[in-house]
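**Student:** Sequence first, then the predicted structure:
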Amino acid sequence: MDIQQIQYFLEVVRSGNFSTAAENLYTTQSSVSKNIKSLEKELNIQLFDRSKRQIQLTEAGKLVLKDARSIVQSYEKLIHTVSSYQLQKEDTLTIASIPVMAQYDITGLLADFQTAHPNIKLQIEESETTHICSRLKNHECDFIFTRKEYLDASCQSLDFYDDRLAAVVPLSHPFSKKKQISVSELRNENLLLLSKSTLHYDKITEICRQRGFEPRVVYTGTHMDNILDLISKNHGISLLMQHAVEYLHHPGVAIIPLKEDFISAITLACNDYRQLSPAGKLFWDYAKSKITAD
């Protein structure tokens with residue numbers, strides 16, 4: 001038994017004959033007849049009395065009629081529920097970002113988009129750099145904000161904000177008076193770095209090794225404000241992204257530009273623009289227009 005057989009049965013009851021039912025169902029009379037016979041065979045009863053010109057329900061058919069209507073109503077309700085879910089799903093965007101949303105005004109972009117398009121639900125999640133690209137590739141989110149140097153080359157991206165690596169030192173440190181500093185000058189300094197989960201750690205250690213020394217790392221952590229507080233208390237120095245540090249406005253540290261130009265772009269990425277939902281394309285185009293305007 002399938003839903004089509006039951007629907008055909010109900011249409012024959014409503015229409016009063018097989019030919020009209022076939023017209024209403026946009027099929028052939030033989031198809032309607034075949035489905036009704038299959039249903040009768042499966043139920044082991046006769047649903048219609050075909051001995052007269054106007055077919056009539058048998059007593060058994062009358063018993064089946066009520067449940068058949070209930071089955072079709074439940075089926076139609078299920079289809080409506082699934083359709084509503086699919087529509088809601090298409091209008092929900094999951095966006096993952098490394099923990100720098102406030103520093104680079106990603107929060108502003110998201111808030112402005114939500115104001116402009118209140119019917120689109122944004123599901124926003126923070127994720128560390130080591131996990132965020134795989135989440136996008138596994139279709140666990142629609143978009144990510146991450147640093148471009150860690151992005152899979154197969155993804156499509158929009159550069160959102162460029163930032164530069166800088167030395168961050170205590171105000172009492174001799175380096176605080178300098179206008180610029182070279183990475184090689186840090187070989188004897190205690191370094192406080194963001195943890196390996198951010199991939200920032202690997203980038204800094206690579207830069208130091210390229211300058212001929214192994215960095216002396218005495219602290220790693222996931223929160224930049226803790227690193228800045230330790231720096232202000234003369235526990236060491238750090239290499240961090242300049243704008244991200246400036247945003248936190250810590251009074252006890254000095255930010256010294258590097259002679260070397262290490263640039264990192266915060267980028268918005270998706271797997272494939274062509275496969276985005278209408279809501280996804282709307283968000284991408286909105287972000288692109290904002291970036292271009294800036």
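**Tutor:** Received it, and whenever you're ready, just let me know what you need. Residues are numbered from 1 along each chain as shown.

**Student:** buried residues in stretch 205-214?
**Tutor:** Thr205, Ile207, Cys208 (16 or more other Cβ atoms under 10 Å). Quick note: C-beta positions are derived from backbone N, CA and C, even for glycine.

**Student:** Quick one: end-to-end distance for that stretch.
**Tutor:** Stretch 205-214 has an end-to-end distance of 7 Å (Cα to Cα, to the nearest Å).

**Student:** Show me the contact partners of it.
**Tutor:** The contact list for stretch 205-214 (Cβ atoms under 8 Å, 6 or more residues apart in numbering) reads Leu165, Ser182, Val183, Ser184, Leu186, Arg187, Pro215, Val217, Leu239, Glu260, Phe262.

**Student:** give me the number of residues near the fifth one?
**Tutor:** Other residues near Leu186 number 24, with proximity taken as other Cβ atoms under 10 Å.

**Student:** contact partners of whichever strand or helix holds Lys41?
**Tutor:** Assigned by DSSP states H and E, Lys41 falls within helix 29-43. Applying Cβ under 8 Å, 6+ apart, the contact partners of helix 29-43 are 1, 4-6, 8-9, 11-12, 18-19, 21-22, 25, 46-48, 60, 64.

**Student:** now do 10 Å
**Tutor:** With contact meaning Cβ atoms under 10 Å, 6 or more residues apart in numbering, helix 29-43 is reached by 1-2, 4-9, 11-12, 15, 17-25, 27-28, 45-48, 50, 55, 58, 60-61, 64, 68.

**Student:** Can you name every helix or strand that the helix or strand following it contacts?
**Tutor:** The C-terminal neighbour of helix 29-43 among helices and strands, as given by DSSP H and E, is strand 48-49. Strand 48-49 sits against helix 3-15, strand 56-57, helix 59-90, with contacts defined as 3 or more Cβ pairs under 10 Å, 6 or more residues apart in numbering; DSSP states H and E.

**Student:** next one: the second one to chain centre, how far?
**Tutor:** Centroid separation between strand 56-57 and its chain, computed with Cα atoms, centre = their mean, to the nearest Å, is 55 Å.
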